[in-house]
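*Asks:* show me the folded form of this:
(one chain, ligands or ions: 1)
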Amino acid sequence: MRIIDAVWEKRNLGVETHEIELDGSEDLQNVRDVLAYDKSRYCVVKSPIGRLDLYEELSTLGFHYAESLFTLRADTLKIADSGSESDTCFRLALDADVDELLQAVESGLFTTDRIALDPVFGPRIAARRYCNWIRDEIARNADLVILLFEGMPVGFTLLREADLGTCKVALCGMYPPYQSRGLSGLIVRAGLERTRAMGQRVLLTPISSNNPASLKAHIKAGCVPDTIQYVFVRHDTWSR
Ligand SMILES: CC(C)(COP(=O)(O)OP(=O)(O)OC[C@H]1O[C@@H](n2cnc3c(N)ncnc32)[C@H](O)[C@@H]1OP(=O)(O)O)[C@@H](O)C(=O)NCCC(=O)NCCS
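*Replies:* Predicted structure coming up:
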């Protein structure tokens, strides 16, 4: 069990937040002892699949199911070499690209995450959280790759090195005027090319079950499910 005091969420969400990641080895009493006494205002539990005993306990402790988190995997060895043409398709972001992305997020690019969908938080707080997250990732040397189609920025993928041999996507998307035009495969191709340029082999992308459009687009582009976690949340009511 990993217990994380998510201090950055205090700035994003305005409440003390704990994130607890279970690996499946915990017994019920152990989980009960930790969660029954957790006093955070917003508590997030990421749990492994197949632990129905645990889910019942989480429900008794006041947690609600929020989403399933699929991590999709793509392999750089499986991308076709697109030669020099690819040079014109993607580039690392300039300052103006960062501004354009932040504007798109503020205008409501992301609507399917557990914060936007949560009646206690909602889309405005979710957008603020994403903008902070993007700035933090860039400050931590993540690569913001801009997707170009006919010379125009149409989308982005924000990724960085994770464990040995892998890169992980923090966020990605197509800008609204370019959605639903069959271009989303560019996201995966750009991510894989950047992963390869960084000397890594595997690209991991976490996607919520509340975002079937993204799941479908990534699977169509050759990604396969790697791991699944169930996410449960609890808002405390006793301190309000
Ligand atoms: C998710 C997203 C990247 C998909 O890109 P897109 O340009 O709309 O998708 P495409 O036009 O390339 O379509 C790819 C496939 O997904 C399907 N798809 C697109 N939107 C869909 C939707 N709302 N629901 C279900 N399927 C959808 C398409 O039908 C297509 O499959 P098909 O060829 O079998 O019809 C884009 O909608 C987006 O950026 N959304 C907002 C930000 C976001 O959610 N980012 C992902 C975070 S992980």
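*Asks:* just give me the neighbour total for residue 131.
*Replies:* 16 (other CB atoms under 10 Å). Placement of C-beta: from N, CA and C, glycine included.
*Asks:* buried ones in stretch 121-130?
*Replies:* Within stretch 121-130, the residues scored as buried using 16 or more other CB atoms under 10 Å are 121, 125, 126, 127, 128, 129, 130.
*Asks:* can you list contacts of the helix or strand that contains residue 134?
*Replies:* Assigned by DSSP states H and E, residue 134 belongs to helix 123-139. Residues from elsewhere that reach helix 123-139 (CB atoms under 8 Å, 6 or more residues apart in numbering): 8-9, 11-14, 98, 101-102, 105-106, 108-111, 113, 115-116, 144, 158, 160, 170-171.
*Asks:* now intersect the residues you listed with the helices, please.
*Replies:* 8, 9, 11, 12, 13, 98, 101, 102, 105, 106 (DSSP state H).
*Asks:* so who does the third one touch?
*Replies:* Applying CB under 8 Å, 6+ apart to residue 11 gives the contacts residue 132.
*Asks:* I'd like the numbering to begin with 710 instead of 1 from here.
*Replies:* Noted, 710 is the first residue going forward, which turns the last one into residue 720.
*Asks:* quick one: the strands in this protein?
*Replies:* Per DSSP state E, the chain carries strands over the ranges 711-714, 726-730, 751-757, 773-784, 799-801, 852-858, 861-870, 875-883, 911-917, 933-944.
*Asks:* would you mind measuring from the residue lying closest to residue 849 once chain neighbours are set aside to residue 798?
*Replies:* Of all residues beyond its chain neighbours, the one nearest residue 849 is residue 869 (7.1 Å), with distances taken as CB to CB, 6 or more residues apart in numbering. Distance from residue 869 to residue 798, counting by CB to CB, to the nearest Å: 20 Å.
*Asks:* do residue 867 as well
*Replies:* Residue 867 is 17 Å from residue 798, by CB to CB.
*Asks:* ok, now residue 895?
*Replies:* From residue 895 to residue 798 the distance is 7 Å (CB to CB).
*Asks:* now do the shared contacts for those two.
*Replies:* Common contact partners of residue 895 and residue 798 (CB under 8 Å, 6+ apart): 856, 858.
*Asks:* let me know the closest of the buried residues of stretch 830-839 to the ligand.
*Replies:* Checking the buried residues of stretch 830-839 against the ligand with CB to the nearest ligand atom, the nearest one is residue 839 at 9.8 Å.
*Asks:* could you report the pLDDT at the closest one?
*Replies:* Here, the pLDDT recorded for residue 839 equals 98.
*Asks:* interface residues of the protein facing the ligand?
*Replies:* 818-819, 821, 881-883, 888-893, 896, 916, 920-923, 925-926, 929 (CB under 6 Å from any ligand atom).
*Asks:* can you go through these and name the buried ones?
*Replies:* Buried, going by 16+ other CB under 10 Å: 818-819, 821, 881-883, 888, 893, 896, 916, 920, 923, 926, out of the residues of the chain next to the ligand.
*Asks:* so where is the protein shaky, pLDDT-wise?
*Replies:* Within the chain, the stretches with pLDDT under 70 are 789-797, 946-949.
*Asks:* and it, what are its domains?
*Replies:* 711-778+939-944, 781-936 (automatic domain parsing).
*Asks:* what is the burial count for residue 738?
*Replies:* 9.
*Asks:* could you do residue 906 as well?
*Replies:* For residue 906, using other CB under 10 Å, the count is 13.
*Asks:* for it, what are its contacts?
*Replies:* Residue 906 neighbours (CB under 8 Å, 6+ apart): none.
*Asks:* against residue 899, how distant is it?
*Replies:* In terms of CB to CB, residue 906 sits 11 Å off from residue 899.
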